[in-house]
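Asks: Sequence below, structure please.
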Amino acid sequence: MALHLTKVAFGCDDIDVLRGRLEGRAVDGGTWINTRYKPTRAAELEGGSLFWILKHQLIARSPILGFGEAEGRCLIRLDPRVVPVRLRPKRAHQGWRYLVEADAPPDLDGAVDDLAALPPALVSALAGLYLV
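Replies: Sure thing, here's the model as predicted:
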């Protein structure tokens, strides 16, 4: 059972901005975000995902590829893909928090979930009204 992280997508207005930011920094099939400290459960996080919080909801995830260090900071290596997930309320926080597999929202899959065909802003508005 994989362990995941949650992190606020700071400065992003929507999922497209987040996607552009991560894909724009991609090098050799991965991108990096940095944090002050390496997660104590880093070994459990490999194979998990970093779930992005935007406007108090989990909106997407990026698979975690590994960890590194540079200039005294921890680097979290991510797959630059941004995979939309079924929206789930989540309060914003500083840094990152752990998320167990049982609490992780499922991916939106167009073949299974009609919400994937809707614009992200509409899905967000419907989720804010607790209709999805």
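
Asks: mind saving the C-alpha coords of the longest strand belonging to the chain as PDB?
Replies: The single longest strand within the chain, with elements called by DSSP state E, is strand 57-70. C-alpha atoms of strand 57-70 as PDB (Å, rounded to 0.1, in the frame of the first residue of the first chain):
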ATOM      1  CA  GLN A  57      -9.500  20.600  -2.800                       C
ATOM      2  CA  LEU A  58      -7.300  17.800  -3.900                       C
ATOM      3  CA  ILE A  59      -7.400  18.200  -7.600                       C
ATOM      4  CA  ALA A  60      -4.500  16.200  -9.200                       C
ATOM      5  CA  ARG A  61      -1.500  14.100  -8.500                       C
ATOM      6  CA  SER A  62       2.000  13.700  -9.700                       C
ATOM      7  CA  PRO A  63       3.800  10.300  -9.300                       C
ATOM      8  CA  ILE A  64       6.900  10.500  -7.000                       C
ATOM      9  CA  LEU A  65      10.000   9.100  -8.700                       C
ATOM     10  CA  GLY A  66      12.500   9.600  -5.900                       C
ATOM     11  CA  PHE A  67      14.400  12.000  -3.600                       C
ATOM     12  CA  GLY A  68      17.600  13.900  -3.700                       C
ATOM     13  CA  GLU A  69      19.500  16.700  -2.000                       C
ATOM     14  CA  ALA A  70      21.000  20.000  -3.200                       C
END
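
Asks: Show me which residues of stretch 89-103 are buried.
Replies: 90, 96, 99 (16 or more other C-beta atoms under 10 Å). The way it works is simple: take the backbone N, C-alpha and C, and place the C-beta from them, glycine included.

Asks: Double-check the second one against Phe10; I have them as touching.
Replies: No. At 11.8 Å, Trp96 does not count as touching Phe10 under the criterion of C-beta atoms under 8 Å.

Asks: Tell me where the protein has strands.
Replies: Using DSSP E, strands in the chain cover 3-8, 31-35, 49-54, 57-70, 73-78, 83-89, 96-100.

Asks: Arg21: which of those is closest?
Replies: strand 31-35 (8.7 Å; C-beta to C-beta).

Asks: quick one on the thing from earlier: tell me the angle of the longest strand of the chain relative to strand 96-100?
Replies: Inter-element angle recorded for strand 57-70 and strand 96-100: 110 degrees (by axes from the mean of the first three to the mean of the last three C-alpha atoms, to 10 degrees).
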